[in-house]
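*Asks:* Let's see this in three dimensions:
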Amino acid sequence: MATVLLLRHGHSTANAAGVLAGWSEGVGLTDTGRRQADELRARLEPLEVVRTVSSPLQRCLETAALAVPGHAVATDDRLGECHYGGWTGRSLAEAAKDPLWRVVQDDPANATFPPHDEYRSESLGEMAARVLDGVRALDAEVEAAHGPGAVWVAVSHGDPIKSVVAEAVGAGLAGLQRVRVDPGSVTAVHVGRSRMVLLASNTVLGDLAPLVARPRYVPADDAEVGGGAG
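*Replies:* Predicted coordinates:
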């Protein structure tokens with residue numbers, strides 16, 4: 001039962017423009033995003049991070065380079081952004097007028113993005129399945145190599161991290177839009193054999209060491225009845 005710290009990339013040029021970047025190229029960090037990545041570095045420095053894996057997209061790789069300097073950063077497509085197809089590059093204000101917007105908001109399990117000649121499209125369900133499969137597989141590799149108390153970092157995007165949180169709290173895809181994940185935030189999750197356990201979500205300040213502490217009195221996959229004992 002290793003612990004994954006899910007980092008959302010810092011504020012990007014697409015965030016600043018209010019557009020849905022998807023897998024489009026050339027989307028990097030803004031000055032705000034670089035500052036957020038520097039703040040992530042300060043939060044991560046006290047921890048022993050045994051592995052760093054990133055989405056292959058530029059904004060995540062730039063975040064990883066600043067947040068975990070000196071680490072060898074592997075890339076994994078399973079941590080990549082949702083494939084938004086015909087919505088790629090679209091302004092959020094314009095997308096909100098599309099009937100599909102309400103499906104994405106109210107019934108994400110049935111939301112599939114429109115096809116496009118250049119950009120791949122997928123459903124939110126397909127996105128969540130690949131991200132969850134990726135996180136579980138990578139976590140198992142980390143645990144096998146470094147033991148159950150190991151801590152690793154995954155640098156990803158808003159919707160993929162939201163899907164992990166929704167799974168960890170038992171809400172599933174239906175609960176996707178009940179989760180908020182801001183640029184430059186850290187979400188901590190234990191990936192157990194029987195279930196995921198959410199330790200913290202969307203944190204932008206504070207000491208990370210308490211979040212990765214293992215339960216003291218019960219098996220690692222179980223929750224402490226009554227709440228954590230500190």
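*Asks:* I'd like to know how far the residue nearest to the spatial centre of the chain sits from residue 79.
*Replies:* Ranked by distance to the mean C-alpha position of the chain (Cα atoms, centre = their mean), the top residue is residue 161 at 2.9 Å. Residue 161 is 9 Å from residue 79, where distance means Cβ to Cβ, to the nearest Å. (Each C-beta comes from the backbone N, C-alpha and C, glycine too.)
*Asks:* In the protein, what residue spans correspond to helices?
*Replies:* Counting by DSSP state H, residue ranges of the helices within the chain are 13-17, 31-44, 58-67, 92-95, 99-106, 124-146, 158-168.
*Asks:* Let me have those helices in JSON lines, extended by mean pLDDT and distance to residue 192.
*Replies:* Output for the helices of the chain, formatted as JSON lines (pLDDT from 0 to 100; distance: least, Cβ to Cβ, whole Å):
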{"stretch": "helix 13-17", "mean pLDDT": "97", "distance to residue 192": "33"}
{"stretch": "helix 31-44", "mean pLDDT": "98", "distance to residue 192": "23"}
{"stretch": "helix 58-67", "mean pLDDT": "98", "distance to residue 192": "25"}
{"stretch": "helix 92-95", "mean pLDDT": "96", "distance to residue 192": "35"}
{"stretch": "helix 99-106", "mean pLDDT": "98", "distance to residue 192": "30"}
{"stretch": "helix 124-146", "mean pLDDT": "97", "distance to residue 192": "9"}
{"stretch": "helix 158-168", "mean pLDDT": "98", "distance to residue 192": "10"}
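*Asks:* Throw these into JSON lines and include distance to residue 179, thanks.
*Replies:* Converted to JSON lines, the helices of the chain look like this (distance: least, Cβ to Cβ, whole Å):
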{"stretch": "helix 13-17", "distance to residue 179": "17"}
{"stretch": "helix 31-44", "distance to residue 179": "19"}
{"stretch": "helix 58-67", "distance to residue 179": "19"}
{"stretch": "helix 92-95", "distance to residue 179": "17"}
{"stretch": "helix 99-106", "distance to residue 179": "13"}
{"stretch": "helix 124-146", "distance to residue 179": "12"}
{"stretch": "helix 158-168", "distance to residue 179": "4"}
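*Asks:* Out of these, which is closest to residue 174?
*Replies:* helix 158-168 (7.9 Å; Cβ to Cβ).
*Asks:* and the closest one with helix 99-106, angle?
*Replies:* Angle between the axes of helix 158-168 and helix 99-106 is 40 degrees (criterion: axes from the mean of the first three to the mean of the last three Cα atoms, to 10 degrees).
*Asks:* So what's the residue count around residue 206?
*Replies:* The tally of other residues near residue 206 (other Cβ atoms under 10 Å) stands at 11.
*Asks:* Verify the stated contact: residue 33 with residue 66.
*Replies:* No: between residue 33 and residue 66 there is no contact under Cβ atoms under 8 Å: 9.0 Å.
*Asks:* Fine, thanks again, bye for now.
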